[in-house]
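My questions concern the predicted model and sequence given below.
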Amino acid sequence: MLVIGNLKMYMTYEEVKTLIDNFDEDVILCPSAIFVPYFLNHKYKVGVQDISMYDLGSHTGEISAKQAKDLGVSYTIVGHSERRKYNNETNEEINKKIIKGLENNLKIILCVGENKDDDKEKVIERQLLEALKDVSNFKDLIIAYEPVWCIGTGITPTNEQIETTISFIQTTIEKNFGKSVKVLYGGSVDKDNINTLKKINNLSGFLIGKVSTDYRQLKEIVASLRD
Ligand code: PEP
């Protein structure tokens, strides 16, 4: 099972040093871009939390896929719900980011998920079809199903609900692109619920936010997935 840590914008330099000094497991960690160099050359692989939809050029504050790849980054998250919400990211922009990432040999973690009152299948189908337009390389693509109402709330759907949604995601991709994909679950995963969540049949792993900043919990989660 894959474990991906989205460290978001949580950590100071001192906290980053503590995490790096105490944690070296076979996972994928996505720190703030400014800290990426400290995370390289460990057992874990490194991802960025977002990439630009542009090539190298005059785009102040952005990070290009080429720069990330040059430095040794292997993955990028795209379409996280916080970026959709606070940066008004559209599916069309997310599509451009995915294409740039794949062109530069980054593996893509595409986040999809519904708000509480959304028509779940309608929203997710649209996110998938628009974000994956003209994409042909599905072997370097992972989908993270992250219901927005579960991120940072301490709430998780039931295993049955997650399994049904993963199945919907896989069927939508098979039907429209003729490909199969790995699907992860993300949203309030912790050391206590991991033993229940890991029983979901069609699941390939977890995208973990806040808890991934806590190396002790992260170790417990990795150990539980080994059992
Ligand atoms: C996330 O934001 O990707 C996430 C999974 O957050 P959390 O685990 O903190 O709910």
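Sure thing, it's come through.

alpha carbons only for contacts and neighbour counts from here, please
Noted.

Distance of residue 122 relative to residue 115?
To residue 115, residue 122 is 12 Å away according to CA to CA, to the nearest Å.

Just want to know which of those two has more residues nearby.
Per other CA atoms under 10 Å, whichever of residue 122 and residue 115 has more neighbours is residue 115, with 14 against 10.

Outside of the helix of greatest length in the chain itself, list whatever touches it.
Criterion DSSP state H: the longest helix present in the chain is helix 159-177. By CA atoms under 8 Å, 6 or more residues apart in numbering, the residues outside helix 159-177 that reach it are 121, 124-125, 128-129, 136, 145, 179-181, 183, 185, 196-197, 199-203.

next one: stretch 102-120
By CA under 8 Å, 6+ apart, the surrounding residues in contact with stretch 102-120 are 65-66, 69, 73-81, 98, 101, 123-124, 127-128, 137, 140-149.

Now list the buried members of those.
Among the contacts of stretch 102-120, those classed as buried by 16 or more other CA atoms under 10 Å are 65-66, 69, 73-81, 98, 101, 124, 127-128, 140-149.

Okay, and which of those map to strands?
75, 76, 77, 78, 141, 142, 143, 144, 145 (DSSP state E).

Residue numbers of the chain in contact with the ligand?
Proximity of the chain to the ligand (CA under 6 Å from any ligand atom) is limited to residues 6, 151, 152, 186, 187, 188, 189, 207, 208, 209, 210.

Those residues, buried ones only, as a PyMOL selection?
Selection of buried members from these for PyMOL, criterion 16+ other CA under 10 Å:
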select buried, resi 6+151+186+187+188+189+207+208+209+210
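
Which of the residues of the chain next to the ligand sits closest to residue 221?
Nearest to residue 221 among the residues of the chain next to the ligand: residue 189, at 9.1 Å, using CA to CA.

Quick check: that closest one touching residue 208?
Yes. In terms of CA atoms under 8 Å, residue 189 counts as a neighbour of residue 208; the distance is 6.0 Å.

and residue 160, how many neighbours?
The number of residues near residue 160, taken as other CA under 10 Å, comes to 12.

so how far is residue 195 from the closest residue to residue 191 other than its chain neighbours?
Using CA to CA, 6 or more residues apart in numbering and skipping the chain neighbours, the partner closest in space to residue 191 is residue 221 (5.4 Å). Residue 221 sits 9 Å away from residue 195, going by CA to CA.

Check residue 13 too.
For residue 13, the distance to residue 195 - CA to CA - is 32 Å.
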